[in-house]
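[1] What shape does this take:
(3 chains)
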Amino acid sequence: MNAPLVTDQLTKCFGSHTALNKLTLEIPAGRVVGLLGRNGSGKTTLLNLACGLTLPTSGTCTTLGKLAGELDTPELSRLGVVFQDGRLLEWMTVEQQLAFSASFYPTWDKARERHLLRELDLASGFSKIAQLSPGDRQKVGVALAVCHHPSLLLLDEPMSALDPIARARLLEFLLDLIREDGCTIVISSHILADVEKVIDWVVCLDDGGLAVSAPLDELQESYAEWIVSAQADSLPAKFVEPFVLTQEVSARQARLRVRPEATAMEQFRTRHRVEITSRPLNLEELFPLLVKERRAIR
Amino acid sequence: MNLRIYLGILRLRTLGLIVFFFWFLAFMFAFCTQQASHREGAYTFLILAILGPIATGCALSQAIHEPFHWPMAILLPRLGQCFREVHIFVIGTLALVFAAFGHLWDAQTPPVVVASFAAAGLSLSLPLESRLLWYGSHRLALSVIGLIVLATLYTHELRMLAQTSPWTASLFGTGLCAMCFALGFSRQRLRARASQPLGMMMSDYFDRAALEDRQKEAIARSRHLGRQWRHGPVGSSTMAWVRVGWHEHFGYRRVGWFGMILIISLSWPVLEAVIEKISGSPVSIAARIYYLVWDSQGPRDAGPSFLIILMLVASISLGGFLRPDQIYPISRARRAWVAYVSSATLAVTFCASLVVLTLPAAWLGAHVAGIDFRPAGMPFPVLAVFVTLPVLPLLQWGGLYMAVRQDKMVHSLFVLIGFTGSALLGIFIHNFPKLIISPVGLLVGALAIAGSQRLYYTALRRFYCKGDLLQRGTNRQNFGLV
Amino acid sequence: MLLVIDHHSGVPAYRQLMEQIRLQIASSLLRPGEELPSTRVLSAELSLNPMTISKAYSLLERDGVLERRRGQTLTVRALHEDDMQTHKLDRLRHSLAGPASVARQLGISSAQATKIFREMLDTAKD
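    From the prediction side, this is the model:
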């Protein structure tokens, strides 16, 4: 399967502010990709560019095989997007909104729509969208994006207003989607703890550039936290090995976050004559290291 | 509270721009006519004593509305009282300014009446702050609009009243002003559920976000449900996509797009006739409608009012486009085409209804006024259609450009150009009707129509294919002159 | 199958899955020849990405712990007694890596540490 989203030297400037700077990345097909990054790192801009709502200042963005500015009916009917700001018609009821959008997509699946509304506890009564809570609005946004069996699903902060139960159900539903449709999902979210449960690929943006694009397993296996305790002498004030990313050093103990080579641990232990306890890092702990590492290179 | 704080709250730049805007429009409107002096007097009175103060008062009330209804304001001691004191002072000063100008331009009307009417108009919007809802239940709003309409219709009579018994009139005006103040600043109002007054209309035009927020609130409050979408699957048919755009924009309104166009075409002769009546002519409105359509009673200034109608149609047609921040499964080129077809359909419907509806309206007018229905010469609506077809796309382009370029100065400039142009156009149509129908005129007309349609379609296409649909302000170089 | 995946431990999900399957096999909770659930079923049960499950399964297959029989189904491979024993000892070695490091850190001699371990084994038996 071809990569559903490919960018090449993608740059987007808004006046004097550069949102994306020569970004080159390739989202692998059939994966659940977590699009991470600090606020202002360009995540939303990237998603807007991918759907063709915004055009790049330079470089290209290719979605489902077509340039973003030339997306046409075959590609757009296989694309599903959940916007962060919930662009819905305020005056419609939930049913009306779903029926309206359903008429645009020949592949709309009523059964999936009903299932999703039930799962997400969205009682479709006669309340208008303007009267819904932010959480319910997000649910409607999700329903609009997934019911037509998209092959590429882009979600921009889809869960920020949902309560924990609704979040869990939404994540379950996304997994259902993968099992049934084999689609590619790109989730941009700040709630790393939730996102970690479903994603298997991490794309991290930092300041408009690409910090990391790698499988989650690889990241989890590359990074670690070492609790270092000195047996005899005290520890040096600062560890200068290049694979040490952050460190907190006191007299006889240190906490280091590292990205070591295979044999680095042994060499470290012998060189400094210390005892090391290694523990893996979860996504929440990894994130600041991914961003920080890129700054060091620059 | 001192005057400096009050002026700071007013956001003087916006306020100044609104007021200037209105004034310029009003003067263009009034003085681009070629009428006798008594009409000038009536217009001056209308603007300085009625419409001007009401509009300025709405703008002022809107500015103080927000801090006044701020929840914290209830806790601050004497806030209401302080506001009232400064507001009285400001309104008094403005009323005197209106009166001064009135005396300058209309020496016959005693300035004290103008001052008191102006004071009443300035404070009219105060009681509306707590009770008026924008789209929801609006008994109070309708009564204000009704008041404005009545006052406009009877400007001439009011002016006569002002000249014959000035002290009665002043008493009436001052009393009205005092009542509005009492209602507006009462303790209950301070706590009442806050909504925005009618005056928001003008400044909202400059503040899209605020307008959208208020629309949302009103929608949430009201019980009216929009239409059902009954059109089934939208495939590749252009008209189906046009209908999608219309449903999104008009689906909630009680009157759909077609109804809107019909109402607008009919409103033109009525509006024009009402304006004629203001001038103090003894001829009834019904008769005016008849004469208006059949162009048989002297030159008239159809330009400005017709332009208002055209601008309405232009803005409605822009509303029918597909939402730019939304994804639809059609390409950008297709979107441009759908937008063009949508505008063109509305334009054609408007022109057709202009011709088809105004002729029966003229007949009805003649019937009501008791005139023999004897058409003489070319009906004016037919001439108007010739003007509409090239001018409307230009207005639509202008509207789209203003939406893309969210700049207050540009907006004002465009409206200025529009009004001046329309006045000239109106004069032209009146004085040279034979020229328009002649072969040369028809040829020029056809070329103008083709040219403006082409320009509009090209601009739309450029906007949609190369433009940034989300951040429309960044599109300037793709769409327009500057 | 009763498996628990901790998404926040930092250990990759596929690795946790492999470890737990190995442990279940070693402690005879999964018998030789027993069929494992399909990727779809297990991913629904554990709320995991199906790709994670298939990665774990294929690695276990490569390591000779599982085998593919009758087309699609994965079953537990029957192992020789010796292999089974090695397997079990590997699991124990894996679990003891942590305590060994603690003992070193505390400066406890290996004789003392072994004594404590023996005591713990005896108490468990009772």
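[2] okay, whichever residue of the stretch 1-150 of chain A sits closest to chain C: pLDDT?
    Nearest to chain C, among the residues of the stretch 1-150 of chain A, is residue A:32, at 5.9 Å (C-beta to the nearest C-beta). From N, CA and C alone the C-beta is placed, and that goes for glycine too. The predicted local confidence for residue A:32 comes out at a pLDDT of 92.
[3] Taking the centroid of chain B, which residue is nearest it?
    In chain B, the centroid-proximal residue (C-alpha atoms, centre = their mean) is residue B:308; its distance is 7.1 Å.
[4] ok, it to residue B:322 distance?
    The gap separating residue B:308 from residue B:322 is 27 Å, by C-beta to C-beta, to the nearest Å.
[5] surely the residue nearest to the centre of chain B meets residue B:267?
    No. Residue B:308 sits out of contact with residue B:267 when judged by C-beta atoms under 8 Å, with a separation of 9.4 Å.
[6] sorry, back to before: quick one, phi psi at the residue nearest to the centre of chain B?
    Torsion angles at residue B:308 (phi, psi; degrees, to the nearest 10) stand at phi -60, psi -40.
[7] who touches it in this structure?
    Going by C-beta atoms under 8 Å, 6 or more residues apart in numbering or on different chains, residue B:308 touches residue B:271.
[8] Tell me how many other residues surround residue C:44.
    For residue C:44, the neighbour count with other C-beta atoms under 10 Å in any protein chain shown is 16.
[9] Can you check the pLDDT for residue 86?
    By default, I'm working from chain A. The score at residue A:86 is 76. That number is its pLDDT.
[10] Not quite, go with chain C.
    With respect to pLDDT, residue C:86 scores 82.
[11] Kindly report the same for residue A:51.
    Model confidence at residue A:51, expressed as pLDDT, equals 91.
[12] which residues touch it?
    In this structure, residue A:51 makes contact with A:63, A:68, A:71, A:79, A:81, A:154, B:327, judged by C-beta under 8 Å, 6+ apart.
[13] try 7 Å this time
    For residue A:51, the contacting residues are A:79, A:81, A:154, B:327, by C-beta atoms under 7 Å, 6 or more residues apart in numbering or on different chains.
[14] Would you mind listing what in the stretch 101-250 of chain A touches chain B?
    Taking C-beta under 7 Å from any C-beta of the partner chain as the measure of proximity, the stretch 101-250 of chain A contacts chain B at A:103-106, A:128, A:130-131.
[15] now, the most widely separated pair of those residues?
    The largest separation in those, counting by C-beta to C-beta, is between A:106 and A:131 at 30.9 Å.
[16] Of all the residues in chain B, which one is nearest chain C?
    residue B:327 (26.4 Å).
[17] Let me see the contact set for that residue.
    For residue B:327, the set of contacting residues under the criterion of C-beta under 7 Å, 6+ apart consists of A:51, A:76, A:81.
[18] Kindly indicate whether it is helix, strand or coil.
    When states are read from DSSP: H, G, I helix; E, B strand; the rest coil, the local structure at residue B:327 comes out as coil.
[19] How much space separates it from residue B:348?
    Shown here: residue B:327 relative to residue B:348, a distance of 29 Å by C-beta to C-beta.
[20] Excluding chain neighbours, what is closest to the residue of chain C found nearest chain A?
    Scanning chain C for proximity to chain A using C-beta to the nearest C-beta identifies residue C:10 as nearest, at 3.2 Å. Spatial nearest neighbour of residue C:10, excluding adjacent residues (C-beta to C-beta, 6 or more residues apart in numbering or on different chains): residue A:280 at 3.2 Å.
[21] okay, the one you found: pLDDT?
    90.
[22] Could I get the full set of strands for chain C?
    Assignment of strands within chain C using DSSP state E yields the ranges C:66-69, C:73-76.
[23] Can you spell out which helices and strands pack onto the last one?
    This points to strand C:73-76. Contacts of strand C:73-76 with other secondary structure elements, assessed using 3 or more C-beta pairs under 7 Å, 6 or more residues apart in numbering or on different chains; DSSP states H and E, are made with strand C:66-69.
[24] Please apply the same query to the first one.
    Under the contact criterion of 3+ C-beta pairs under 7 Å, 6+ apart, the helices and strands touching strand C:66-69 comprise helix C:50-62, strand C:73-76.
[25] what would the ones you listed look like in CSV with mean neighbour count and mean pLDDT?
    Below are the helices and strands packed on strand C:66-69 laid out as CSV (neighbours: other C-beta atoms under 10 Å in any protein chain shown; pLDDT from 0 to 100):
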stretch, mean neighbour count, mean pLDDT
helix C:50-62, 19, 91
strand C:73-76, 17, 83
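[26] about what we covered before: want to throw the strands of chain C into JSON lines with distance to residue B:441?
    Rendered in JSON lines, the data for the strands of chain C read as follows (distance: least, C-beta to C-beta, whole Å):
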{"stretch": "strand C:66-69", "distance to residue B:441": "87"}
{"stretch": "strand C:73-76", "distance to residue B:441": "86"}
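[27] and the residue nearest to residue C:32 when sequence neighbours are not counted, backbone torsions?
    Leaving out its chain neighbours, the residue that sits closest to residue C:32 by C-beta to C-beta, 6+ apart is residue C:78, at 3.6 Å. For residue C:78, the backbone dihedrals are phi -80, psi 130 (criterion: degrees, to the nearest 10).
[28] Over to the residue of chain A positioned farthest from its centre: give its phi and psi.
    Distance from the C-alpha centroid of chain A peaks at residue A:232, with 44.9 Å (C-alpha atoms, centre = their mean). Backbone torsions of residue A:232, given as degrees, to the nearest 10, read phi -110, psi -80.
[29] Number of residues surrounding the nearest residue to it once chain neighbours are set aside?
    When the adjacent residues along the chain are set aside, residue A:232 lies closest to residue A:273, with 6.1 Å between them (C-beta to C-beta, 6+ apart). Using other C-beta under 10 Å, the number of residues around residue A:273 comes to 11.
[30] Thought residue A:229 was touching residue A:273, still the case?
    No. Counting by C-beta atoms under 7 Å, residue A:273 stays clear of residue A:229, with 10.7 Å between them.
[31] The helix or strand residue A:6 falls within and chain B, are they touching?
    With elements delineated by DSSP states H and E, residue A:6 resides in strand A:5-14, which encompasses its position. Yes. Part of strand A:5-14 sits close enough to chain B to count as contact by C-beta under 7 Å from any C-beta, namely residue A:14.
[32] Quick check: neighbours of that strand in the sheet, parallel or antiparallel?
    According to DSSP bridges, strand A:5-14 has the following sheet partners: strand A:17-27 (antiparallel), strand A:58-63 (antiparallel).
[33] Now the one residue in the stretch 101-250 of chain A that gets nearest to chain B: phi and psi?
    Scanning the stretch 101-250 of chain A for proximity to chain B using C-beta to the nearest C-beta identifies residue A:130 as nearest, at 4.1 Å. Phi and psi for residue A:130, reported as degrees, to the nearest 10, are phi -60, psi -20.
[34] Do I have it right that it meets residue B:220?
    Yes. In this structure residue A:130 lies within contact range of residue B:220 using C-beta under 7 Å: 4.1 Å.
[35] Neighbour count for the two, which is higher?
    The neighbour comparison of residue A:130 against residue B:220 (other C-beta under 10 Å) goes to residue A:130, with 19 against 16.
[36] Local confidence estimate at that one?
    pLDDT at residue A:130 comes out at 86.
[37] and what of residue B:200?
    The pLDDT attached to residue B:200 in the predicted structure is 42.
[38] distance of the nearest residue to residue A:129 once chain neighbours are set aside from residue A:131?
    Of all residues beyond its chain neighbours, the one nearest residue A:129 is residue A:88 (4.9 Å), with distances taken as C-beta to C-beta, 6+ apart. Look at residue A:88 and residue A:131: by C-beta to C-beta, they are 12 Å apart.
[39] More neighbours: which of these two?
    For residue A:88 versus residue A:131, neighbours defined as other C-beta under 10 Å are more numerous around residue A:88 (20 against 14).
[40] and stretch A:248-262, is it in reach of chain C?
    No. Applying C-beta under 7 Å from any C-beta, one finds that stretch A:248-262 is not in contact with chain C, the shortest distance being 10.3 Å.
[41] Thank you, goodbye.
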